[in-house]
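1. Please find the sequence and the predicted model below.
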Amino acid sequence: MTLTKFEIGAKFQTPTVVAEYMKSLIPEGVKTVLEPTPGEGNILAVLGDYEVTAPDNFFTLDPSRYDCIIMNPPFSTKYAFGVPDHVEESGLRLGYHILLECMKMSDNVIALMPLFTISDSDVRLRYLKQYGLKSITILPRKTFKYVRIQTAVFELIKGWSEPTIFEAFELMNLQQQ
Ligand SMILES: C[S@@+](CC[C@H](N)C(=O)[O-])C[C@H]1O[C@@H](n2cnc3c(N)ncnc32)[C@H](O)[C@@H]1O
């Protein structure tokens with residue numbers, strides 16, 4: 001059975017309270033925002049005041065600059081469509097590949113990612129730190145309805161050189177949903 005693009009990754013839509021939290025990290029003065037993989041639009045729904053770009057297919061989006069990028073990408077090719085062969089062959093986890101592409105397009109990136117992005121690899125952690133890793137907010141394992149996976153919100157600001165701030169997202173916030 002072939003899944004539609006809305007069914008692909010349906011289990012991983014960002015809960016509204018988490019989307020609101022991510023929005024609260026958007027720096028002041030930002031006008032243009034990219035949501036690279038909008039899915040059902042939970043992040044889009046909280047971005048009312050911004051000039052938002054939300055492509056149907058991230059892989060055909062022309063490279064451009066945005067004041068800020070806010071994202072929860074598909075973490076692997078299993079949950080994505082339209083992945084070009086050269087990307088599949090690169091061997092990078094897809095979510096990390098999309099994050100790297102986004103880091104070229106903005107100086108402010110707010111990304112919901114699996115925690116293993118940094119816990120599995122000193123190279124990836126160092127790369128994010130070199131760009132500027134302002135904060136990491138650990139999300140509860142029950143963030144997604146049907147899947148238990150440890151995720152975190154990475155707040156990336158180009159040139160951030162102060163220590164990275166660690167936060168734990170309040171479980172109470174999720175229970176309110
Ligand atoms: C983890 S979900 C998150 C969706 C949304 N960003 C959110 O935060 O609620 C990732 C989404 O990426 C979408 N997706 C997969 N491949 C894509 C592509 N090539 N271009 C744009 N979106 C894609 C899937 O349909 C899925 O809904």
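-> Received the coordinates, thanks.
2. Please make it C-alpha for all contacts and neighbour counts, starting now.
-> OK.
3. Is the helix ranked longest in the chain positioned near the ligand?
-> Identified as the longest helix of the chain according to DSSP state H is helix 94-105. No: using Cα under 6 Å from any ligand atom, helix 94-105 never reaches the ligand; the gap is at least 8.9 Å.
4. Quickly note the distance from the nearest residue to residue 64 once chain neighbours are set aside to residue 99.
-> Closest residue to residue 64 apart from its sequence neighbours, by Cα to Cα, 6 or more residues apart in numbering: residue 105 at 5.9 Å. Going from residue 105 to residue 99 by Cα to Cα, to the nearest Å gives 10 Å.
5. So between those two, which is more surrounded?
-> Higher neighbour count among residue 105 and residue 99: residue 99, with 22 against 18, using other Cα atoms under 10 Å.
6. Can you classify the nearest residue to that one once chain neighbours are set aside as helix, strand or coil?
-> Nearest residue to residue 99, sequence neighbours excluded (Cα to Cα, 6+ apart): residue 111, at 7.5 Å. Judged by DSSP: H, G, I helix; E, B strand; the rest coil, the three-state class of residue 111 is strand.
7. sorry, back to before: so which elements touch the longest helix of the chain?
-> helix 85-89, strand 108-114 (3 or more Cα pairs under 8 Å, 6 or more residues apart in numbering; DSSP states H and E).
8. Identify, out of those, the most deeply packed stretch.
-> Among the helices and strands packed on helix 94-105, the stretch with the highest mean neighbour count (mean count of other Cα atoms under 10 Å) is strand 108-114, at a mean of 24.
9. What residues sit buried inside the helix or strand of the chain with the lowest mean pLDDT?
-> Lowest on mean pLDDT, DSSP states H and E among the helices and strands of the chain sits helix 171-175, with a mean of 70. Applying a neighbour-count criterion of 16 or more other Cα atoms under 10 Å, one finds residue 174 buried in helix 171-175.
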